[in-house]
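Participant: Dropping a prediction and its sequence here:
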Amino acid sequence: MDARLDTTFDASFEGGWWDRFLAWMDVEHSASKRFMISGAVWALVGTLLGLIAATEYWAPDLVHGVAQLSFGRLRPTHINVVAFGFISMSTVGAIFYVIPELCRTKLHSERVGNILMLAWNSVIVAGIFCLTNGITEGREYAELPWFLDIPMLGALLLYCWLIWMTVLNRKEKQLYVTTWYVAGTTMWFPIVYIIGNKVFFSMTGIADAISGWFYGHNILGLWFTTNGIGLTYYFLPKITKNPLYSHLLSIVGFSTIAMFYTPTGTHHLLQSPVPEWLKAVAVISSVMLLVPVMSVLVNFFLTMKGKWGMLGTNIPLRFFITAMWFYLLTCFTGPFQATRWINWYLHFTHWVVGHAHFALLGTFGFVAWGAIYYCVPRVSGRQWYSRRLANAHYWLSLVGTVIMMTSLTIAGLIQASAWEEGTPVYRGVIMVAPFMAMRAFSGLLIVTGQLLFVYNLMKTLVFAEDPLEDPLEEAAPATVSAARNQA
Amino acid sequence: MSTPRANYLYPSIGMGLILASIIFVVVLVPRMTFRPAQPKDLRNYTAQELRGREIYKREGCWYCHSMVSRPQDWDHGPKSKSSDYFYDEYHLVGSERSGPDLANIGGKFPDQYHLLHHQNPRYVKPGSIMPRYDYLSNQELIDLTAFLQGMGPWGTRAQDPETGKLKFARLEKYTWATGPFQGTSEVLAKWNMTPEEQEKLNNARYEEHQEVPYKYKTEIEELLFGTSHEAQAARGTLLNIVDKNRIAGVEVTEETLEKKREEDSSFSAWTEKDFKEPAVEPTDPLEMKSLMTKRKYANYGKGLFNNECSACHGLNADGHGQAAFSMTKRPANFWDDKFQRYNVDTWYWRISRGVPSTQMPRWEYTLTAEQRLTLAAFLKYVSQNKGLGKLKGMESDYDKLPSQAAPALPTPASQPPQALNAAPALSAKPSPASVK
């Protein structure tokens, strides 16, 4: 590792390489910072893998004869890198900054945090190697093989321990909403992870799909959502300096999310031969999800009261608010597409793929980016290298996500109506080819955005260059020419 | 730090209990109570098929191909049952359908098709977006094919629920003469059946959903069209016995057949039987016998039609059934000129698949293949003769020659030919459906 990664690292430190290594791991805020750097790099890698897969989707002869680049292997690699690398690592990095702040204490152990960072990154690297070489468990979102599941679970438990020790040793007696969400996640997510991975828990036949989708939906609901929403609960009042609109709504949102999210998994199997009562439970709880979602969003949007103008100048806030609009759309369509008749029509189409991108990229991807933009200056003491690059990253990601959403949604509707008419499946696939090309183009925009993002982050942290322009959170000049004049 | 835990202890325990009870209900209760029975109509996987299943999982086939046939799916075969998954160690149900569903793929295509298709899908399906699996070894492709051919009620894993005997056996080895698999003789065999199995199927009552295997030909099939397009293509040959017989004296090769087809547009691989009643009854006993056979099968179909179709299409097949008035899309009138151009394949396909977005059901779920073929014979008869013709009042003695027939059957001379085109009386009595 490059010593320049830590501006606080003392180059004149005396001792062997092991002592230097331990000292490198003990730097304050270093775990948070390194988690966020890893998250940003995995965002670039993951979206690039997605772009290759999306291009192969409409140009199938682009790559052939290379097993590692076959679509069926790129797709799980893309999902795992983006979910466990990008979103998980970025949010954990932000949590390592936010939770100590809320508890008015330090992270319980920076060293454990750094070990966690190294272990987590190793699992992702090994995961890319395994998945592209066809070593897979064959369950969606749980493709990592057993010898990576065990270290991953170990890392998760270590993370839980770290969060709990930090929370228990807090100086601030009151627990804020964010802490509820993060600490709650540490309670339930290891259970969900154990049930979802075949190493620990298995059923045979179609029943395997029940546990598979219990995990497949709850990794979203009880990991990404609770972490992402918890972080937003911290950042929105913090940035706008408005008090949280309603404490009661936050209690309602938090206490219902675990209750209604947990049984929804079977809505992925509504026309499959699994018990009908389980499907009924899944559909009802899916619709009931509107309660936590709407209470959270009402709370957020009313917290913004009077401060909407800040969106023009404050880039992290812009990411969070965009994420919340995407969250509104995702979670408004989600409960309805889980009902029997809409699911009957839409299941197995690209609509669902679009919905997944809406939730993971549009909502929690944006939360992760916003959190990195907010936390990096605070954990490193350095302002961002370039405001304009951050701005370009925002717009490229936004336009890319919207194009991806539009194309996948239209493609899904075309497929659904084609099947309803009795058209064979593969004719339907040919019909949506233009939209798949559009989706690949949107991927290109997103990857370009990530490239700028990683460059900006590296310039800020690793190469420690002085900021070119204003910080992200202060009033920027209205026009580019004004900025030039000011400089 | 004055015991801050106390404030949050009870809510935490409460939340934990709620969560535990939900997990108990949605994960552990299904594990304890949901135990699909061992299927009687499906055997376990062989070692080779399990290798193929591993490849299917490894290559991520299940990201684009689902393995569940849903009630609303058209053209996917029977609905999946929970027992179909009994032998699966891990599920491959899938979450997206960017390619056809594979729950019932077995037996739909010959092995050679699968092998070529995996080598490069564009060889056999132009416009397909499936990746090429040319990096798999021949053995892996064969294993994968063995797995796919086992899926569903027409696959190699299908067995008779009563006797537990396999329905379809693979007896022949196939050796590739040319192409990427040249010289490979391990390639799985063509579909075949032992004479006993064939005999059994010939005599068996049809189970629901059962299709005609490629090698199984009934008299009615022979009469109508030899076999279906799909079956013909699946046999891997476009050479037709009829064609071969028609150019006797010349050495029959694909080239001569091709040339002949170019010269003579009526010379097709499929010879459709004409169901139009001749203006004058033939005197040749053989021709008369052939005509009576056609009438016999059309009459079988008429019985079925009266039972199943006449409510909407009318007893005379003119689209004026009792239920027709309430429909926005009117039932078809089979006297229409356009129906004269329908060949048996089209009739069979339309009856089997139904008409999407109308009330015309998908009859393959309720009628056997043979019943649908007799319906096709009846519909050809009705459309070509614009009416019930000689079928009216034809209830018995239909397979006796006129000379042997009972006096009740009108003799050919007493029936003027123009009567065929006359509108039939509405009081046509329904015949009993006398199909097997």
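Facilitator: Ah, there it is.
Participant: near chain B, which residues of the stretch 51-200 of chain A?
Facilitator: Residues of the stretch 51-200 of chain A lying close to chain B (C-beta under 8 Å from any C-beta of the partner chain) are A:56-58, A:60-61, A:64-67, A:70-73, A:75-76, A:134-140, A:168-171, A:173, A:175, A:184, A:187-188, A:191, A:195, A:198. (C-beta placed from N, C-alpha, C; glycine too.)
Participant: same thing but at 6 Å, please
Facilitator: Residues of the stretch 51-200 of chain A lying near chain B by C-beta under 6 Å from any C-beta of the partner chain: A:60, A:64-65, A:67, A:70-73, A:75, A:134, A:138, A:173, A:188, A:195.
Participant: Around A:Ala25, how many other residues sit close by?
Facilitator: Not Ala; residue A:25 is Met. Using other C-beta atoms under 10 Å in any protein chain shown, A:Met25 is surrounded by 19 other residues.
Participant: In terms of pLDDT, where does A:Ile254 sit?
Facilitator: Small correction: residue A:254 is Phe, not Ile. Residue-level confidence at A:Phe254 comes out at 91, pLDDT.
Participant: and it, what element?
Facilitator: A:Phe254 is part of helix A:247-261, with elements assigned from DSSP states H and E.
Participant: What is the least confident helix or strand in chain B?
Facilitator: helix B:229-234 (a mean of 37; mean pLDDT, DSSP states H and E).
Participant: With A:Gly72 as the reference, measure out to B:Arg53.
Facilitator: 14 Å (C-beta to C-beta, to the nearest Å).
Participant: Oops, could you answer that again for A:Tyr176 instead?
Facilitator: On the measure of C-beta to C-beta, A:Tyr176 and A:Gly72 end up 44 Å apart.
Participant: what does the stretch 251-400 of chain A have sitting close to chain B?
Facilitator: So the stretch 251-400 of chain A meets chain B at A:258-259, A:262-263, A:271-273, A:275, A:278, A:344, A:348 (C-beta under 6 Å from any C-beta).
Participant: Including neighbour count and pLDDT, could those go into TSV?
Facilitator: What follows is these, written out as TSV (neighbours: other C-beta atoms under 10 Å in any protein chain shown; pLDDT from 0 to 100):
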residue	neighbour count	pLDDT
A:Ala258	22	85
A:Met259	18	87
A:Thr262	25	91
A:Pro263	24	92
A:Gln271	19	91
A:Ser272	24	92
A:Pro273	22	92
A:Pro275	17	92
A:Leu278	22	94
A:Trp344	15	92
A:Phe348	24	93
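Participant: Which neighbouring elements make contact with the longest helix along chain A?
Facilitator: Longest among the helix segments of chain A by residue count, using DSSP state H, is helix A:387-420. Contacting helix A:387-420 under the criterion 3 or more C-beta pairs under 6 Å, 6 or more residues apart in numbering or on different chains; DSSP states H and E are the following elements: helix A:350-357, helix A:425-431, helix A:433-457.
Participant: Going by neighbour count, list what's buried in that helix.
Facilitator: By 16 or more other C-beta atoms under 10 Å in any protein chain shown, the buried positions in helix A:387-420 come out as A:387-394, A:396-398, A:400-401, A:403-405, A:407-416, A:418-419.
Participant: and B:Gln159, what are its phi and psi?
Facilitator: Main-chain torsions, B:Gln159, degrees, to the nearest 10: phi -140, psi 160.
Participant: actually B:Asp160, not the one I typed
Facilitator: phi -70, psi 120.
Participant: so what's it closest to, chain neighbours aside?
Facilitator: B:Lys167 (6.0 Å; C-beta to C-beta, 6 or more residues apart in numbering or on different chains).
Participant: Distance-wise, check that neighbour relative to chain A.
Facilitator: 22 Å (C-beta to the nearest C-beta, to the nearest Å).
Participant: Looks like that residue contacts B:Thr156 (just checking).
Facilitator: No - counting by C-beta atoms under 6 Å, B:Lys167 sits too far from B:Thr156 to count as a contact (8.6 Å).
Participant: Compute the distance between B:Phe147 and A:Val367, please.
Facilitator: For B:Phe147, the distance to A:Val367 - C-beta to C-beta - is 42 Å.
Participant: cool, B:Trp62 as well?
Facilitator: 30 Å.
Participant: Looking at those two, which one has more neighbours?
Facilitator: Per other C-beta under 10 Å, whichever of B:Trp62 and A:Val367 has more neighbours is A:Val367, with 30 against 22.
Participant: Could you give me the buried positions within whichever helix or strand the more buried one is part of?
Facilitator: A:Val367 belongs to helix A:366-380 when assigned by DSSP H and E. Within helix A:366-380, the residues scored as buried using 16+ other C-beta under 10 Å are A:366-377, A:379-380.
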